[in-house]
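>>> sequence and computational prediction follow.
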Amino acid sequence: METARPASLASPEAVRVTNPGGSSPFVFTCDHASNFLPAEFGTLCLPAEDLSRHIAWDPGALPVARRMAEALDATLVETRISRLVIDCNRPLDAPDLVPPVSETTIIPGNAGLSDKQRAERIALSWRPFHDTIAEIVDKRLARGQETRLVSVHSFTPVYKGKSRPWHIGIIHDEDRRLAAPLVSALQRLAGITVGINEPYSPADRVYFTLERHARSRGLACAMIEIRNDEISGETGQRKWADMLTGIFLDLEPEEAKGSRQRAVGKSVQSAS
């Protein structure tokens with residue numbers, strides 16, 4: 001295996017930041033945004049068709065997150081390497097940090113990795129993703145900017161033969177400052193089945209990014225999981241992004257709304 005070049009904070013190969021100076025109180029992450037495999041990994045000995053499946057990424061999550069971030073003037077941090085290489089939403093000691101099996105699919109290219117190979121993957125993708133989020137959050141807090149973290153994911157309609165009825169799930173731990181009003185707003189919408197800590201919960205080790213960057217700093221946070229058949233095409237992606245954008249606008253604190261409006265006003269003036 002070729003030694004992976006460690007990515008810097010600005011490396012486009014590993015992480016992308018959209019609108020780093022966003023005026024919204026919300027910072028979005030998309031931890032499983034891409035199914036891209038760098039050339040040195042080949043296909044990890046998987047058939048090519050497996051790389052378009054949910055095991056490689058969260059289909060539909062990135063277009064939703066991008067549309068929301070643009071509408072809200074929010075910052076978005078996204079991974080650009082498949083979670084089959086390394087899962088950025090896992091702690092470094094997690095057994096599935098480099099997954100040997102995803103759902104029921106064995107990943108041959110992840111078997112028997114040396115400590116050196118594992119460290120190379122951490123340096124390639126995991127480290128730059130988390131360093132980037134930390135840098136953005138710390139800068140916002142240093143200038144006194146209200147900051148709330150939201151991670152955007154998608155999930156499969158059927159997992160290990162079991163159907164999942166929820167259209168969207170909101171994942172949270174004991175801090176419900178953001179999750180509770182978000183769930184309430186979603187439950188008021190007709191025809192939407194909302195999962196609360198479904199189809200996953202923090203006990204499933206899926207809450208790592210938010211624990212590392214929000215909970216450790218006392219920041220409100222929540223994880224969004226949208227069933228991926230709902231956002232498989234542009235129409236569904238637009239529907240869910242616009243629906244969630246409206247909810248998040250209502251959840252902004254009044255002082256943050258004022259700041260954002262002033263920022264937008266300055267931008268319009270400088271453009272004219």
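Perfect, I can see it now.
>>> please make it C-alpha for all contacts and neighbour counts, starting now.
Will do.
>>> Pro202: neighbouring residues, count only.
17 (other Cα atoms under 10 Å).
>>> burial count for the nearest residue to it once chain neighbours are set aside?
Among residues not flanking Pro202 along the chain, Asp173 sits closest, at 6.4 Å (Cα to Cα, 6 or more residues apart in numbering). When neighbours are defined as other Cα under 10 Å, Asp173 has 16 of them.
>>> you'd agree Asp173 is up against Arg205?
No: using Cα atoms under 8 Å, Asp173 makes no contact with Arg205, being 11.4 Å away.
>>> ok, the residue nearest to Pro202 to Ser201 distance?
The spacing between Asp173 and Ser201, counted by Cα to Cα, to the nearest Å, is 8 Å.
>>> same question for His130.
In terms of Cα to Cα, His130 sits 21 Å off from Ser201.
>>> between those two, which is the more surrounded one?
Ranked by neighbour count (other Cα under 10 Å), His130 and Ser201 place His130 first, with 21 against 17.
>>> quick check: next helix or strand after the helix or strand where the more buried one lies?
Per DSSP states H and E, His130 falls inside helix 127-142. Helices and strands here follow DSSP H and E; after helix 127-142, the next one along the chain is strand 148-155.
>>> what's the angle from that next one to helix 127-142?
150 degrees (axes from the mean of the first three to the mean of the last three Cα atoms, to 10 degrees).
>>> pLDDT of strand 148-155, averaged?
In this model, strand 148-155 has an average pLDDT of 98.
>>> from the contact counts, what lies against it?
With contacts taken as 3 or more Cα pairs under 8 Å, 6 or more residues apart in numbering; DSSP states H and E, strand 148-155 sits against strand 26-30, helix 61-72, helix 208-213, strand 221-227.
>>> kindly recompute the last result at 10 Å.
In terms of contacts (3 or more Cα pairs under 10 Å, 6 or more residues apart in numbering; DSSP states H and E), strand 148-155 is packed against strand 26-30, helix 61-72, strand 75-79, helix 127-142, strand 168-171, helix 208-213, strand 221-227.
>>> any idea how far the last one is from the chain center?
From the chain centre to the centre of strand 221-227 is a distance of 8 Å (Cα atoms, centre = their mean, to the nearest Å).
>>> of all the helices and strands packed on strand 148-155, which one is nearest Ala185?
strand 168-171 (11.5 Å; Cα to Cα).
>>> what about the residue nearest to Val85 when sequence neighbours are not counted, how many neighbours?
Distances taken as Cα to Cα, 6+ apart put Val98 closest to Val85, at 6.2 Å, once the chain neighbours are dropped. Per other Cα under 10 Å, the neighbour tally for Val98 reads 23.
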